[in-house]
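Engineer: model the structure of this input:
(one chain, ligands or ions: 1)
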Amino acid sequence: MTTESSRTRQSATTGQTMGVAKPRIDGTLKLTGGADYAADRNLPNQVHGYPVTSTITSGKLLSLELDEAMKMPGVLDIFHHDNFDKLSRSPNSFADENLTSEARLPFEDHQIHYQGQYIAFVVADTLEHARAAARKVKAHYERNDEQLTNIASLDRGEGALPGEEVPGDAASRGDADSAYAGAEVQLDQRYSIAQENHSVMEMHASVATWENDMLTVYESTQGVIFQRNALAKIFGIPVEKVRVISHFIGSGFGSKLFMWPHAIMTAVASRRLGRPVKTVLSRMQEYLDTGYRPTSLQRVRLGADKSGKLLSIHHDGCNETSPAGNHDDTVSGATPKMYDCDHVAVTNRLVTVNKCPPCPMRAPGEASGNFALETSLDELAVRLDMDPLELRKRNFAEVDPAAGLPWSSNHLKECWDNAATRFGWEKRNPIPGAMREGDEIIGYGMATQSWEAMRMHCGARFGFRSDGSIMVACGTQDIGTGTYTIVAQTASELAGVPIEMIDVRLGDSSLPSGPLSGGSMATSTVLPAVSAAFRNALSQLADMATAEGGVFENAQPDTIGMKNGQLISGDQSIAVTELLDRNSIGLVDGEGNAAPGDEQSQYSFRSFGAVFVEVRWDPEITRLKLSRVCSTIDIGRAINPLTARNQVEGGIVMGMGMGMFEQAEFDQHGYPYNNNLADYILPVNADMPDIDVELLDYPDFLHNEFGARGVGEIGLTGVAAAISNAVYNATGKRIRDMPISIEKLL
Ligand code: MOS
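Structural biologist: Sure, this is the predicted structure:
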């Protein structure tokens, strides 16, 4: 991957540190093993938990034989339905910030809904003892042969997609049926995307300990506040009695947003045994028990005139969900916002399958829906004998066509042109197979990228210390994206002190309530709260300085500013450290809150981008290679262009996974057999193309005072469609079912 070739424009609003490429402030800790990941935590007297998982896919657990397992070395106890604690029902509210991934509690009843469902939990003195004993647990089941594990196997026929329609997910404007019927050019195609597993580097891990009635949990989570709230609800204790800590996380991509049952089993076992319990899932358990991007089936119908103007869009989506959860990927959800078209109808359907609950996976829903829409547009362009980029330009949405609101900021047109120029799109020959080099047939493809720009409420603390350092704290977490670093950059910029002097505290639910690290909303949510906390701390300093006998005795507190770590009043200044010394104070600690406001009902907030790819198909050795990727992204202002570009590059690699490699596979019993990193194919270093990312720099000050819209997901969108479109350009084969594995090209 050639990050060297990636570029970022210097922002007009670039400050001392904000908008400047900075290496991660936690990089050294991570590279030297100093970062304390959940599974690294070892507490005195700690023991180890290991789940026993169902080996059937659907049915009933009749009984467990535990004698042999109990006699295994080091075993302390085995928890299951008959001896588990009675807990309050699992809460399930996003609004109350206590959503869990699985609607059931562990061992709630004897129903088996999926392979891998937890049926018992062994605790022993070591991980090895717990695992060995878990394998000695014998289960007796009543098997239900009516099971469904993969909607890709369903008859996709000619009519409606399978499953139950979700009425609330439908959206329409105009009269799409009539517009389609009357359109000069019609396109009606079906698309699918295989289930993609979460292949996180750091396994899900939970270490629980009770001191008196206080529960502390070290968890690899994208949401310390959500997990704290959920645990408090489940145990029926106040939130003050639960603390969730997640200082570092080795990727999550959505699978660690909402608590999974292993954390509940671990906390219960710890309370019962009166000692800390650690549970680290195995890779196989990751693939069975911690969510995935659900298989989706889609149908897109486009009506257009000969000039390429879209007259109608129908987008029907269908995705899997689980009896044990309630995740809905809503793959067609973004379509109404993407292009200028008067007649649009989207629907969404769910099919319940016997698998663990699906969950968000980077650009959930939208990446899947984008694949179908952006591939269908390429097909329409072929039909019209038109450049697919030109087709998109003719349908650019000047305002949000779904909400009828102006965009807060939208530079999609520049993304298209910028990426096309850098890629060399003008050299494209639209005739399939016409571009060759040696044994390789070359194909070009492109797609539009897009992701919603969200923002939530948030609190933060900002503390000036007498040694000149600054402490900033927020109950959000850094999942590897660079949140520690951008918070430090923001504090550094606001106070005018070097970034090395900023001490950032995240990943602890006892800090002021912060957002999930998900949905590309942490940046836009957290930084305004840091700013509010800064202003609060500054006003405390100003009060101190303007008080009777203070250095700025005669000044009004609200005229006091800050520059370079100095408090400023007119042409006078005093270092904060000196002010604190004079007042014999060690710390001035400000709290602040920030939330989105009226702008949310006046504008539509989205990020956009364009991705162009080159594939090389060598028919002699049946090798498909993605050779070049060029993406230009409009995310408002990048607070840290280095980490922001990293996010886009990582998203592109995940898009390669969707387009070329990733596919969870099941045998006739519903057993997922490629349940490990050897058999589950992922893009690896040897597959990497030249990835060239450019970030435009148009701060979106309607979204927040720093102009940043967030960047986690958008890089993934568009990539699978661009690859599929390039494969068509190379081979003349239109592959509508992702991933494009080699056999589909033979
Ligand atoms: Mo990402 S799916 O928002 O963690």
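Engineer: can you tell me how far the spatially closest residue to residue 594 that is not a sequence neighbour is from residue 699?
Structural biologist: In space, and not counting its chain neighbours, residue 594 is closest to residue 528: 3.7 Å by C-beta to C-beta, 6 or more residues apart in numbering. Where C-beta positions appear, they are placed from N, C-alpha and C, glycine not excepted. Look at residue 528 and residue 699: by C-beta to C-beta, to the nearest Å, they are 13 Å apart.
Engineer: when these two are compared, which one has more neighbours?
Structural biologist: residue 528 (25 against 21; other C-beta atoms under 10 Å).
Engineer: assess the claim that the more buried one and residue 706 are in contact.
Structural biologist: Yes. Checked against C-beta atoms under 8 Å, the pair residue 528 and residue 706 is within contact range at 7.2 Å.
Engineer: gap between stretch 26-39 and the chain center?
Structural biologist: In terms of C-alpha atoms, centre = their mean, to the nearest Å, the gap separating the centre of stretch 26-39 from the centre of its chain is 22 Å.
Engineer: ok, back up a step: what residues are shared contacts of residue 528 and residue 699?
Structural biologist: residue 706 (C-beta atoms under 8 Å, 6 or more residues apart in numbering).
Engineer: residues in contact with residue 374?
Structural biologist: By C-beta under 8 Å, 6+ apart, the neighbours of residue 374 are 447, 448, 718, 721, 722, 725.
Engineer: of all the residues you listed, which two lie farthest apart?
Structural biologist: Farthest apart among the contacts of residue 374 by C-beta to C-beta are 448 and 725. That separation is 11.4 Å.
Engineer: who's more crowded, these two?
Structural biologist: residue 725 (29 against 25).
Engineer: could you verify that that one is part of a strand?
Structural biologist: No. Residue 725: not assigned to a strand; according to DSSP: H, G, I helix; E, B strand; the rest coil it is helix.
Engineer: who are the contact partners of it?
Structural biologist: 374, 375, 378, 388, 445, 446, 447.
Engineer: and the residue nearest to the fourth one when sequence neighbours are not counted, how many residues sit next to it?
Structural biologist: Using C-beta to C-beta, 6+ apart and skipping residues adjacent in sequence, the residue nearest residue 388 is residue 381, 3.8 Å away. Residues near residue 381, counting by other C-beta under 10 Å, number 21.
Engineer: quick one, strands of the stretch 401-550 of the chain?
Structural biologist: Secondary structure of the stretch 401-550 of the chain (DSSP state E, counting those that start in this stretch): strands at 405-406, 435-437, 440-452, 458-465, 470-473, 502-505.
Engineer: show me what the top helix by length along the chain is packed up against.
Structural biologist: With secondary structure taken from DSSP state H, the chain has its longest helix at helix 522-546. With contacts taken as 3 or more C-beta pairs under 8 Å, 6 or more residues apart in numbering; DSSP states H and E, helix 522-546 sits against strand 458-465, helix 483-495, strand 566-569, helix 576-582, strand 587-594.
Engineer: buried residues in the fourth one?
Structural biologist: For helix 576-582, a neighbour-count test (16 or more other C-beta atoms under 10 Å) marks 576, 577, 579, 580 as buried.
Engineer: quick check: residues of the stretch 251-400 of the chain near the ligand?
Structural biologist: Residues of the stretch 251-400 of the chain lying close to the ligand (C-beta under 6 Å from any ligand atom) are 252, 253, 254, 257, 360, 361, 362, 364.
Engineer: looking at the fourth one now. What's its pLDDT?
Structural biologist: So the one you mean is residue 257. Looking at residue 257, its pLDDT stands at 98.
Engineer: counting neighbours, what do you get for whatever residue of the stretch 1-150 of the chain ends up closest to the ligand?
Structural biologist: Nearest residue of the stretch 1-150 of the chain to the ligand: residue 101, at 12.1 Å (C-beta to the nearest ligand atom). Residue neighbour count, defined by other C-beta under 10 Å, stands at 28 for residue 101.
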